[in-house]
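Novice: Sequence and predicted model, in that order:
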Amino acid sequence: MDIPYRRILIAGCGGSGKSTLARRLGERTGLPVVHLDRLWWLPGWVERSREGFDALLERELAKPAWIIEGNYARTFPRRLRYADFCVFLDLDAETCLESAKRRVTQYAGRTRPDMTEGCPERMDGEFKLWIRDFAQNTRPGMLRALEDSGVPYKIFTARRAAYEWFGLEETL
């Protein structure tokens with residue numbers, strides 16, 4: 001598939017595969033990839049201020065081409081105003097939890113490639129709960145914002161379908 005989009009958002013629950021899909025799509029298209037976790041977290045798992053995050057995000061959004069992956073639902077409507085396409089990975093909580101656990105094992109004691117250096121991989125109870133509650137607490141508002149935005153989008157309930165749609169080989 002020829003990919004005509006220059007500003008692509010990838011959203012979905014934690015553990016749904018957003019970062020990996022973004023990285024693979026970036027390799028295929030040559031578009032720069034922006035991981036929102038890198039903008040939010042400072043080394044040592046210190047949160048950046050909202051103002052600082054928003055300023056960094058605005059700088060990225062103003063660029064002519066990108067793939068931005070992550071949730072940060074508060075900024076989703078603003079990101080949609082800049083996007084020309086959105087992918088929503090709508091996987092079930094158990095699949096996302098399993099993937100997040102696998103990621104913790106894979107990067108034990110190290111920082112994963114899509115995270116700020118100095119933030120070794122972890123999964124605490126709060127993150128597990130957020131994944132479990134995503135479908136009820138976060139997903140509805142994001143889907144409403146997506147529908148209201150007028151931005152073309154595709155919702156995938158399986159990673160394989162997303163990879164096939166973009167003509168990528170699935171690596172998960």
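Specialist: That came in fine, so what should we check first?
Novice: And for the nearest residue to residue 6 once chain neighbours are set aside, the neighbour number?
Specialist: Once flanking residues are discounted, residue 6 sits nearest to residue 65: 4.3 Å by Cβ to Cβ, 6 or more residues apart in numbering. (C-beta placed from N, C-alpha, C; glycine too.) Residue 65 has 13 neighbouring residues, counting by other Cβ atoms under 10 Å.
Novice: so who does residue 65 touch?
Specialist: Shown in contact with residue 65 (Cβ atoms under 8 Å, 6 or more residues apart in numbering): 6-7, 31-32.
Novice: For the residues you listed, give me a markdown table that also has pLDDT and secondary structure.
Specialist: Rendered in a markdown table, the data for the contacts of residue 65 read as follows (pLDDT from 0 to 100; DSSP: H, G, I helix; E, B strand; the rest coil):
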| residue | pLDDT | secondary structure |
| --- | --- | --- |
| 6 | 97 | coil |
| 7 | 98 | strand |
| 31 | 97 | coil |
| 32 | 98 | coil |
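Novice: From the residues you listed, keep the buried residues only.
Specialist: 7, 31 (16 or more other Cβ atoms under 10 Å).
Novice: Quickly note the distance from the residue nearest to residue 6 to residue 8.
Specialist: Separation of residue 65 from residue 8 (Cβ to Cβ, to the nearest Å): 9 Å.
Novice: Touching both of these two, which residues are there?
Specialist: residue 31.
Novice: Would you agree residue 116 is in contact with residue 44?
Specialist: No - Residue 116 is not in contact with residue 44 according to Cβ atoms under 8 Å; the separation is 9.2 Å.
Novice: And those two? Which one has more around it.
Specialist: The neighbour comparison of residue 116 against residue 44 (other Cβ under 10 Å) goes to residue 116, with 18 against 9.
Novice: mind listing what's buried in the host helix or strand of residue 55?
Specialist: Using DSSP states H and E, residue 55 falls within helix 50-61. If you call a residue buried by 16+ other Cβ under 10 Å, then helix 50-61 has these buried ones: 53-54, 56-57, 61.
Novice: For residue 126, state which of those residues is nearest.
Specialist: Within those, proximity to residue 126 (Cβ to Cβ) peaks at residue 53, which comes in at 18.8 Å.
Novice: Pretty sure the closest one sits against residue 38.
Specialist: No - with contact defined as Cβ under 8 Å, residue 53 does not reach residue 38; the gap is 10.5 Å.
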